[in-house]
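Novice: All I have is the shape, not the residue letters:
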């Protein structure tokens, strides 16, 4: 029976990398969950700012129209009293009345826009306060999660650094099998955990488990997923008794 220590080391490496990657996925989900309300408020802020910008652009056009109407009214108010021709007087006076009416409508629209802009600015100010509080709460919760994720990623890099060396140190037959299996499945070499294959989580025959426990320097093939099964004896804790 060949020395399977490299096999055990590789199984540990694959297992730890898988556990760390799964932990990173869970942390990503938790971090994303922490941002949900913050992202909603940021989206609301963007929507309100866009609405405010649209009103500001529309107000510029109405203000220009109001200014032109105001200039026309000033001009007509000066001219009309001095017109002697009856027809021209009536036409100019009607034009003046229409200009005043138009200016009144523009003034009313400007007032409505100013009120709406004031409301939006108040909403944006309140949102800014809420967002600051949410950002602070988010960092309180998420920063430790992000730090934990970064630590896990660093561990993955560290463990993966020795991975190819471990593969190269496998017995040739097992290495060929490992190279072939990695194309089809993750963790081609797995431990027996709770009498089950840690790769497919299926129970294996008690006889197979016993054989591995009796001879931990051996390996078997999982009857369910065809992964290589190995057994790692539990580490005995040192007794503190005198």
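Specialist: Alright, I've got the coordinates. For clarity, every value in this text was computed on a predicted model and none was experimentally measured. Numbers count the residues shown, from 1 in each chain.

Novice: From here on, just use CA atoms for contacts and neighbour counts.
Specialist: Noted.

Novice: for the nearest residue to residue 209 once chain neighbours are set aside, phi and psi?
Specialist: Distances taken as Cα to Cα, 6 or more residues apart in numbering place residue 195 nearest to residue 209, at 6.5 Å, with adjacent residues excluded. Here is the backbone geometry of residue 195 (degrees, to the nearest 10): phi 60, psi 20.

Novice: Residue most distant from the centroid, this structure?
Specialist: residue 84 (75.7 Å; Cα atoms, centre = their mean).

Novice: Surely it is in a strand?
Specialist: No: Residue 84 is assigned coil when assessed by DSSP: H, G, I helix; E, B strand; the rest coil, not a strand.

Novice: Now do the contacts for it.
Specialist: Shown in contact with residue 84 (Cα atoms under 8 Å, 6 or more residues apart in numbering): no residues.

Novice: For it, give its distance to residue 96.
Specialist: Here residue 84 is placed at a distance of 16 Å from residue 96 (Cα to Cα, to the nearest Å).

Novice: Same check on residue 33?
Specialist: Residue 33 is 63 Å from residue 96, by Cα to Cα.

Novice: Would you mind telling me which of these two has the busier surroundings?
Specialist: Comparing residue 33 with residue 96 by neighbour count (other Cα atoms under 10 Å), the higher total belongs to residue 96, at 20 against 14.

Novice: Wait, that one touches residue 74, no?
Specialist: No: using Cα atoms under 8 Å, residue 96 is not in contact with residue 74; the gap is 9.1 Å.

Novice: Kindly provide the distance from residue 206 to residue 70.
Specialist: With Cα to Cα as the criterion, residue 206 and residue 70 are 97 Å apart.

Novice: Can you show me the strands along this protein?
Specialist: Along the chain, the segments classed as strands by DSSP state E run 189-193, 196-197, 220-221, 228-230.

Novice: Throw these into JSON lines and include mean pLDDT and mean neighbour count, thanks.
Specialist: Shown next, in JSON lines, are those (pLDDT from 0 to 100; neighbours: other Cα atoms under 10 Å):
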{"stretch": "strand 189-193", "mean pLDDT": "87", "mean neighbour count": "23"}
{"stretch": "strand 196-197", "mean pLDDT": "92", "mean neighbour count": "22"}
{"stretch": "strand 220-221", "mean pLDDT": "88", "mean neighbour count": "16"}
{"stretch": "strand 228-230", "mean pLDDT": "87", "mean neighbour count": "25"}
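
Novice: Contact partners for the residue nearest to the spatial centre of the chain?
Specialist: Central residue of the chain (Cα atoms, centre = their mean): residue 32, 4.9 Å from the mean position. For residue 32, no contacting residues are found, by Cα under 8 Å, 6+ apart.

Novice: Ranking helices and strands of the protein by mean pLDDT, which lands last?
Specialist: helix 172-184 (a mean of 76; mean pLDDT, DSSP states H and E).

Novice: now that helix, how far from the chain's geometric center?
Specialist: 36 Å (Cα atoms, centre = their mean, to the nearest Å).

Novice: How is this protein divided into domains?
Specialist: Following automatic domain parsing, one finds the domains of the chain at 5-18+162-230, 27-161.

Novice: now the end-to-end length of the shortest one.
Specialist: The one in question is domain 5-18+162-230. 10 Å.
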